[in-house]
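> got a sequence here, can you build the structure:
(2 chains)
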Amino acid sequence: MGTMEQLTLQLRETAREILESKKAAAVIGWEMGTFWYSTAPAILTRPEETERLVWNEYCLNNLAKYLLDFQNTDEKVAIFARGCDYRGINRLIQDKQIDRDKVLIIGLSCPGMKDDKKARELGQNADIPLAKKCEECTYPDALAYDLWVGEPKEAAKPAKAEAKVFPEVESLEQMTADDKYENFAANYEKCLRCYACRNVCPACSCRECIFGNSSKEWSAKANNLSENMFFALTRALHVAGRCIQCGECERICPVNIPIMLLNKKIIQDIDHLFGPYDAGLDPEDKMPLGSFEFTDPEEFM
Amino acid sequence: MSVNEALDQKTPTENLENWQPKILVFACNWCTYAGADLTGLSRLQYPATVRILRVPCSGRVNPQFVIKAFQKGVDAVLVCGCHPGDCHYTTGNYFTRRRFLLMRRLMEYIGMEPERLQASWVSAAEAQKFQQLITEVTEQIRALGPNRKLRDVQWEQWNN
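Numbers count the residues shown, from 1 in each chain, chains lettered A, B, ... in the order given. Predicted coordinates for the structure are as follows:
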């Protein structure tokens, strides 16, 4: 823990310097939450507030989405970014939600965060496992940054991605059609349609969401399986090719729906059909569903 | 015609013997719609199981239209447009191709039978292809029976 505490001090120092020198109007980081196993995103605007910043094993929130709060201002914003935050920031830049010039990225190397739900169950002295999304993480460090906090690291350009295969997706694919449907229905029977997954998602940045307005008649207010499925499938296809695999949707879900099962299926298919692609690594990349090749497969015709 | 209107001709409470599939065809204005028109002009017979919904381009078909159609009680959805290279808007159908390749796999993944979501290229001259396509799809769906997956509440009673 020693190093993370030291890093917390460095984080605060960096944030204070940025705010004092007015390099940015705000700094986005994490502060302590209500419990020892919780943190909350913090948006700081005054140098003296930077004492609130923390960097510990429960900094689970992806901060990128909070950049949208500054979408309509001219001010520059500083943001702490690990691999997942970095990919989220790129997501927003690529989707033209925010200018790269308006963001000051402070890179961090992430050791992997711990599962806060397990922590609540097991108590402070137990050995808490890594959060699921961190276990599966492939890019723990920010790949490009303006400032760096912690041990200096060489900005390692990722090797060309390989076509991903997810065992949980593959095992689902083996089932019969009716079993698949039953399984899918059982997951989404629970959905409350609280839209927390949408709100936390860096790829969900439409100004007007079809699920935000029932007068458009796309989705009814009624909470039933069919509507829940409509929401799940529509959202999965809306973020297809743009999902950065941060796993925030699944982490935030109050009824523990394995939302990433849908996203992973799409990611896996994109990799195998159109070539390996990791979203959010480079804002200049062509997006799989925003581009095409003349040689694309035509297996369904 | 909106999706809702196109589907408003509800199937009467089912009597499976007389059951006919209900197939929604998204037809691109420039190729398939004209192709379907030619099918009629040429007096080529095809099953009256299809509801044709004209769209400016197959690229206009948003996946949510398809899911909505299944919710509203359609048994199969067919997305049709110009052949690659012939799109009126130059590249619209290339995007369709990628999108529906993914969507079809996703629908299969959640347990829909793959026959229920199909895509095909039909040009304005391919009246016969249109006739064959509709006949084939209708046969496939007849064999599968009515779709009960993804349907919304108004069908619940009918499901039991």
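> spatially, what comes nearest to the residue in chain B positioned nearest to chain A if we skip its sequence neighbours?
Proximity of chain B to chain A (CB to the nearest CB) peaks at B:G111, 2.7 Å away. (Each C-beta comes from the backbone N, C-alpha and C, glycine too.) Leaving aside its sequence neighbours, B:G111 sits nearest to A:Y181 (CB to CB, 6 or more residues apart in numbering or on different chains; 2.7 Å).
> now swap in A:A232 and tell me
A:Y188 (5.4 Å).
> and what of A:A40?
In space, A:A40 is closest to A:G33, 4.6 Å off (CB to CB, 6+ apart).
> residues near residue 74, how many?
All of this refers to chain A. As a burial measure, A:D74 scores 8 neighbours (other CB atoms under 10 Å in any protein chain shown).
> chain B is the one I meant
B:V74, neighbours per other CB under 10 Å, totals 23.
> make sure it is indeed in a helix.
No - read with DSSP: H, G, I helix; E, B strand; the rest coil, B:V74 is coil and lies in no helix.
> excluding its backbone neighbours, what's nearest it?
That would be B:L24: by CB to CB, 6+ apart, it lies 4.7 Å from B:V74.
> and for the residue in the stretch 51-200 of chain A positioned nearest to chain B, the neighbour number?
For the stretch 51-200 of chain A, the residue closest to chain B is A:Y181, as judged by CB to the nearest CB, at 2.7 Å. By other CB under 10 Å, 19 other residues sit near A:Y181.
> can you give me the distance of A:A42 to chain B?
36 Å (CB to the nearest CB, to the nearest Å).
> doesn't that residue belong to a strand?
Yes - judged by three-state DSSP, A:A42 forms part of a strand.
> show the pLDDT at it.
pLDDT recorded at A:A42 is 96.
> before we move on, back to that, helix or strand for the residue nearest to B:V74, which one?
Secondary-structure element containing B:L24, defined by DSSP states H and E: strand B:23-28.
> contacts for that strand?
B:3, B:6-7, B:32-33, B:35-36, B:49-58, B:61, B:65, B:69, B:74-82, B:88, B:93, B:122, B:134, B:137-138, B:141 (CB atoms under 8 Å, 6 or more residues apart in numbering or on different chains).
> buried residues in the helix or strand hosting A:K264?
Using DSSP H and E, the element containing A:K264 is helix A:260-274. For helix A:260-274, the neighbour count (16 or more other CB atoms under 10 Å in any protein chain shown) marks A:260-271, A:273-274 as buried.
> close to chain B, is it?
Yes - shown here: helix A:260-274 in contact with chain B (CB under 8 Å from any CB of the partner chain) through A:L262, A:K265, A:I266, A:D269, A:I270, A:L273, A:F274.
> how about the residues of chain B by chain A?
Going by CB under 8 Å from any CB, the residues of chain B near chain A are B:4, B:63-64, B:67-68, B:71, B:84, B:91, B:94-95, B:97-113, B:118-121, B:149-153.
> now which of those would you call buried?
B:63-64, B:67-68, B:71, B:84, B:94-95, B:97-113, B:118-121, B:149-152.
> among those residues, which lie within strands?
B:Q118, B:A119, B:S120, B:W121 (DSSP state E).
> list the residues that contact the last one.
I take that to be B:W121. Here B:W121 is in contact with A:M301, B:C31, B:C80, B:G81, B:C82, B:H83, B:P84, B:N93 (CB under 8 Å, 6+ apart).
> widest-spaced pair of those residues?
A:M301 and B:C31 (13.9 Å; CB to CB).
> B:Q20 contacts B:T49, correct?
Yes - between B:Q20 and B:T49 there is a contact under CB atoms under 8 Å: 5.4 Å.
> so for the two, which sits in the more crowded spot?
B:T49 (19 against 14).
> now do the more buried one, the pLDDT please.
pLDDT, B:T49: 94.
> now do the strands in chain A.
A:26-32, A:39-44, A:77-81, A:103-107, A:147-148.
> and the ones you listed, which is most packed in?
Ranked by mean neighbour count, the strands of chain A are led by strand A:77-81 with a mean of 25 (mean count of other CB atoms under 10 Å in any protein chain shown).
> who does that strand touch, helix- and strand-wise?
helix A:2-20, strand A:26-32, helix A:83-94, strand A:103-107 (3 or more CB pairs under 8 Å, 6 or more residues apart in numbering or on different chains; DSSP states H and E).
> average pLDDT for the first one?
Put plainly, it is helix A:2-20. Rounded mean pLDDT across helix A:2-20 is 92.
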